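Undergrad: here's a sequence, model it:
(2 chains)
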Amino acid sequence: MTTHNKRIPTQHIVGFIVSITLTLVAAWAALQSDLSVRWIIIGIMALAIIQAGIQLFMFMHVVEPESQGGHVPWNMMFHGGVLATILVAGSLFTMSFGFTHDHDGDGHNQQQQQEEHNENEGSTENSSH
Amino acid sequence: MSSHELKTGPLEYRTEEGRLSILGFWIFLGAEIVLFATLFATYAVLFGRTADAPSPGELFEAKTVLIMTFMLLTSSFTCGIAIHEMRRGSVKGLRNWMIVTLILGLGFLGFEIYEFVHYSHEGATLQSSAYWSSFFTLAGTHGLHVTLGIGWVILLLIQLTQRGLTPKTSRKFFVIGLYWHFLDVVWIFIFTSVYLIGMVV
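TA: Numbers count the residues shown, from 1 in each chain, chains lettered A, B, ... in the order given. From the prediction side, this is the model:
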């Protein structure tokens, strides 16, 4: 038990500070910055993936020798991630790619927005990592 | 199971049953990833199809969403501290930090309910349009998971006062910890791909 007798949970505190910071950066990028919509979406999705990694490694004990290396089924987690990617990217590709949902035929800017959204939405898969 | 019992290491890993339960819970989380992936895919496909209902950009409030995000992030942190205290053998620390986690979770739920009621007053309900159906299904499924998690923690806290820290109760707390962190991961993606992108586009 020696490794767990530490009074101060440094790893958790670091993870918490980083996740709060990343949230603030994402909010700033989306709401205050002058970046283009495309770069905002790419940037904040990347930040979300990093945050998910922090939860997994700093809080969820995915790497832990005490479990004798057997408590996380890596193949299952990888499988879950692959399925999530196929579901999200595949749905967007088949249902929305290059398609406008404007029924009157005069909303050009809407189409553009939709395309920009589509291109980046695929990265939602990462809830697994 | 006790034939494999270890004498050292965290209590939840000492029995084979404990290790297998934790492994099984990770497999459950893998299935949960796929569940949420279907909802995210539906949301992404239906994005923009608001029909006559208000658009997300008109309704989403950055302040409310940020408060909710910070509450959930903090609750994930306090839940991690609770498990840390559990591993130090402190029942009191585990209980107190879990209660803080509960309060933050309830606060998050309160804000989410307020938010949904507010949207429905503005004319965006589950029936309003394809977009709002997918939004309420995605955010609502997450909210339902949080609600279940809160009930689960309350039951475990009762069990803790009755039985104290045993390999079984520690394993149960470790598993609820994983569940709670997982909900935080899902929320990060809802926050980013639903709220932030909804306010940007």
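Undergrad: hey, where'd the helices end up in chain A?
TA: Secondary structure of chain A (DSSP state H): helices at A:10-31, A:37-54, A:74-96, A:108-121.
Undergrad: give me the low-pLDDT residue ranges for the chain?
TA: I'll assume chain A. A:1-6, A:65-70, A:99-129 (pLDDT under 70).
Undergrad: think we crossed wires, I meant chain B
TA: In chain B (pLDDT under 70), the answer is B:1-5, B:7.
Undergrad: all helices of it, in order?
TA: B:16-46, B:56-59, B:62-87, B:91-121, B:130-163, B:167-190, B:197-200.
Undergrad: number of residues surrounding the closest residue in space to residue B:147 that isn't next to it in sequence?
TA: Distances taken as CB to CB, 6 or more residues apart in numbering or on different chains put residue B:109 closest to residue B:147, at 6.4 Å, once the chain neighbours are dropped. C-beta: built from backbone N, CA, C; applies to glycine. Around residue B:109 there are 18 other residues, counting by other CB atoms under 10 Å in any protein chain shown.
Undergrad: now for residue B:109: which residues touch it?
TA: Applying CB atoms under 8 Å, 6 or more residues apart in numbering or on different chains to residue B:109 gives the contacts B:143, B:146, B:147, B:150.
Undergrad: mean neighbour count, the helices of chain A: which tops it?
TA: Looking across the helices of chain A with neighbours counted as mean count of other CB atoms under 10 Å in any protein chain shown, the highest average goes to helix A:37-54: a mean of 20.
Undergrad: so it versus helix B:62-87, what angle?
TA: With axes from the mean of the first three to the mean of the last three CA atoms, to 10 degrees defining the directions, helix A:37-54 sits at 20 degrees from helix B:62-87.
Undergrad: what angle separates helix A:37-54 from helix A:10-31?
TA: Using the same axes, to 10 degrees: helix A:37-54 against helix A:10-31 is 170 degrees.
Undergrad: helix A:37-54 and chain B in contact?
TA: Yes - for helix A:37-54 and chain B, the contact criterion (CB under 8 Å from any CB of the partner chain) is met by A:37, A:40, A:41, A:44, A:45, A:47, A:48, A:51, A:52.
Undergrad: contacting residues around the closest residue to residue B:180 other than its chain neighbours?
TA: Using CB to CB, 6+ apart and skipping residues adjacent in sequence, the residue nearest residue B:180 is residue B:79, 4.6 Å away. Listed by CB under 8 Å, 6+ apart, the contact set of residue B:79 reads A:59, B:97, B:98, B:101, B:176, B:177, B:180, B:181.
Undergrad: tell me the contacts of the last one?
TA: Under the criterion of CB under 8 Å, 6+ apart, the contact list for residue B:181 reads A:55, A:56, A:59, A:60, B:76, B:79, B:80.
Undergrad: hmm, which two among those are most spread apart?
TA: Within these, two members stand farthest from each other by CB to CB: A:56 and B:79, at 14.1 Å.
Undergrad: how near is the nearest residue to residue B:183 once chain neighbours are set aside to residue B:38?
TA: Once flanking residues are discounted, residue B:183 sits nearest to residue B:145: 5.5 Å by CB to CB, 6+ apart. Per CB to CB, to the nearest Å, residue B:145 is found 15 Å from residue B:38.
Undergrad: please apply the same query to residue B:196.
TA: Distance from residue B:196 to residue B:38, by CB to CB: 21 Å.
Undergrad: between these two, tell me which one has more neighbours.
TA: residue B:196 (27 against 17).
Undergrad: wait, the more buried one touches residue A:27, no?
TA: Yes - using CB atoms under 8 Å, residue B:196 makes contact with residue A:27 at a distance of 6.9 Å.
Undergrad: was I right about residue A:16 contacting residue B:77?
TA: Yes - the criterion here is CB under 8 Å, and residue A:16 meets it with residue B:77 at 4.1 Å.
Undergrad: can you list the domains in chain A?
TA: Split into domains by automatic domain parsing, chain A comes to A:1-68, A:73-129.
Undergrad: quick check on the contacts of residue B:109: which are buried?
TA: Among the contacts of residue B:109, those classed as buried by 16 or more other CB atoms under 10 Å in any protein chain shown are B:143, B:146, B:150.
Undergrad: what's the neighbour count on the residue nearest to residue B:116 when sequence neighbours are not counted?
TA: Closest residue to residue B:116 apart from its sequence neighbours, by CB to CB, 6+ apart: residue B:136 at 7.1 Å. Each residue near residue B:136 was counted by other CB under 10 Å, and the total is 19.
Undergrad: chain A versus residue B:136, what's the distance?
TA: 18 Å (CB to the nearest CB, to the nearest Å).
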